[in-house]
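Chemist: just a sequence and a predicted model for now, questions to come.
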Amino acid sequence: MPNKIVVVGSKEYGEPLRDFGEITCDVRELFQNPEDVKLLVFTGGEDVHPSFYRGVDCGASFTNLNRDAYEKHLFKVCLKRGIKMTGICRGFQFLNVMCGGRMYQHFLGHAIFGRHLAYFAYNGETVPVSSTHHQLVELGPEATPLVWSSEKRSSYYIDADGECVNDVEKEIEGAVFPRFNAFGVQFHPE
């Protein structure tokens, strides 16, 4: 039985996973041969629309409702069929939202500087990562943070409700969602 890794978007996002299976962008595999699919990868791009996380659209997001709806359908298919999921950049934000989290709609720091240090909790190492985003995940109760910026890079954040806040403890860069069989990272490993 082949181990296929289905990438929703650019095949480049699957490159770090090449050793784990055959990379394909053919999403039909989820429907035609779900037993062959080992992993679905959600990729970068537009912001997730605030309505998907019970937020207020304050004009800080650049969204694509059609993409959100399409990927929500794929997420539900993976849940139903027990297919593992991962997300990179916007893909991580999308998984966070689908797993009950919310988003900070805007903050400064990552989009301006790009590369920064991230702390990996599982091994205690601090590693340089590439991350150019203007939104930040606010994890839901069932998520476990695994990676975060080694230092805060912003002094203010616009939360899901469109309010300016500054009490963000950690700028999360990666988390696992055990009940949903999902994992994601904000930075770009590809």
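Modeler: Perfect, I can see it now.
Chemist: for Lys152, give me the pLDDT.
Modeler: Note on Lys152: pLDDT of 81.
Chemist: which SS state does it fall under?
Modeler: The three-state label given to Lys152 by DSSP: H, G, I helix; E, B strand; the rest coil is coil.
Chemist: ok, it touching Asp167?
Modeler: No - Lys152 is beyond contact range of Asp167, at 10.8 Å (criterion: C-beta atoms under 8 Å). Backbone N, C-alpha and C define where each C-beta goes, glycine included.
Chemist: who has more neighbours out of the two?
Modeler: Lys152 (15 against 6; other C-beta atoms under 10 Å).
Chemist: mind pulling up the pLDDT for the nearest residue to the more buried one once chain neighbours are set aside?
Modeler: Leaving aside its chain neighbours, Lys152 sits nearest to Glu171 (6.0 Å; criterion: C-beta to C-beta, 6 or more residues apart in numbering). Confidence at Glu171, expressed as pLDDT, is 91.
Chemist: I'd say Glu171 and Ser150 touch.
Modeler: No - using C-beta under 8 Å, Glu171 makes no contact with Ser150, being 9.4 Å away.
Chemist: more neighbours: which of these two?
Modeler: More crowded of Glu171 and Ser150, by other C-beta under 10 Å: Glu171, with 24 against 18.
Chemist: kindly list the main-chain dihedrals of the more buried one?
Modeler: When quoted as degrees, to the nearest 10, the phi and psi of Glu171 stand at phi -90, psi 100.
Chemist: kindly report the same for Asp26.
Modeler: phi -80, psi 100.
Chemist: just list whatever residues bridge to the nearest residue to it once chain neighbours are set aside.
Modeler: Leaving aside its chain neighbours, Asp26 sits nearest to Val6 (7.0 Å; criterion: C-beta to C-beta, 6+ apart). Taking DSSP bridges as the rule, Val6 bridges to Thr24, Leu40.
Chemist: wait, what's in contact with Val6?
Modeler: Thr24, Cys25, Asp26, Val27, Glu29, Leu30, Val37, Leu39, Leu40, Val41 (C-beta atoms under 8 Å, 6 or more residues apart in numbering).
Chemist: and Glu151, by the same measure?
Modeler: So Glu151 contacts Leu117 (C-beta under 8 Å, 6+ apart).
Chemist: so it versus His106, what's the distance?
Modeler: 19 Å (C-beta to C-beta, to the nearest Å).
Chemist: appreciated, that's everything.
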